[in-house]
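# starting from these lines, generate the structure:
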Amino acid sequence: MAEAAPLNAAHAGDRRPVDVAVGVLVRADGAFLLTSRPPGKVYAGHWEFPGGKIEPGETLQQALARELHEELGIDIGAAEPWHEQLFDYPHALVRLRFCKVFAWTGELQMREGQAMAWQQLPVAVRPVLPGTIPVLGWLAAERGFAGPTHDTPPGTRDG
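From the prediction side, this is the model:
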């Protein structure tokens, strides 16, 4: 599959980005939740932070709450806007709007046939979705973590 790359808005051209709310769920021990892309979706089996498209008329908080309830069966507390990244995938230009989430209620349910894994740095799951890689770097910088944040298979680049 073709590589995706972070993109500066000035280089987006005429493509209109799809806005996506992404939740970085963090437990009290610092572990964060990654989920696999469900079968049948682009990049199926790649690990990512959960979330989805922001629908017209929704705020970032509303979209994230809806997506995490639909995908994971949980109800979130306040979402803390964190970083934004424009990402150019072969199939779509997406504006990933990452929020940290520290509080939620309900038991995690993988409602779309995906897998889940609580991770610390470096993450043990692979392959990691290209749009997830910058987030691992941001987490590493915040935590003073030095070293690789994920395993890169031989013959690939990590964006």
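
# now do stretch 58-78: distance to the chain's middle.
Per C-alpha atoms, centre = their mean, to the nearest Å, the displacement of stretch 58-78 from the mean C-alpha position of its chain is 14 Å.

# pull up the gap between residue 25 and residue 129, please.
Residue 25 sits 16 Å away from residue 129, going by C-beta to C-beta, to the nearest Å. C-beta coordinates here come from the backbone N, C-alpha and C atoms, glycine included.

# check residue 72 too.
Applying C-beta to C-beta, one obtains 17 Å for the distance of residue 72 from residue 129.

# show me where the chain has strands.
Along the chain, counting by DSSP state E, strands occupy 5-6, 18-25, 32-36, 47-48, 51-53, 75-76, 79-89, 92-101, 104-105, 116-119.

# where does the protein have low pLDDT?
Where the chain drops to pLDDT under 70, the residues are 1-13, 153-159.

# residue nearest the centroid of it?
Most central in the chain under C-alpha atoms, centre = their mean is residue 49, positioned 2.9 Å from the mean C-alpha point.

# gap between residue 105 and residue 118?
The separation that residue 105 has from residue 118, given C-beta to C-beta, amounts to 17 Å.

# so those two - more neighbours on which side?
Each of residue 105 and residue 118 had its neighbours counted (other C-beta atoms under 10 Å), and the higher figure belongs to residue 118 (14 against 8).

# isn't that one up against residue 26?
No: the criterion here is C-beta atoms under 8 Å, and residue 118 misses it with residue 26 at 9.8 Å.

# joint contacts of these two?
Contact with both residue 118 and residue 26 is made by residues residue 32, according to C-beta atoms under 8 Å, 6 or more residues apart in numbering.
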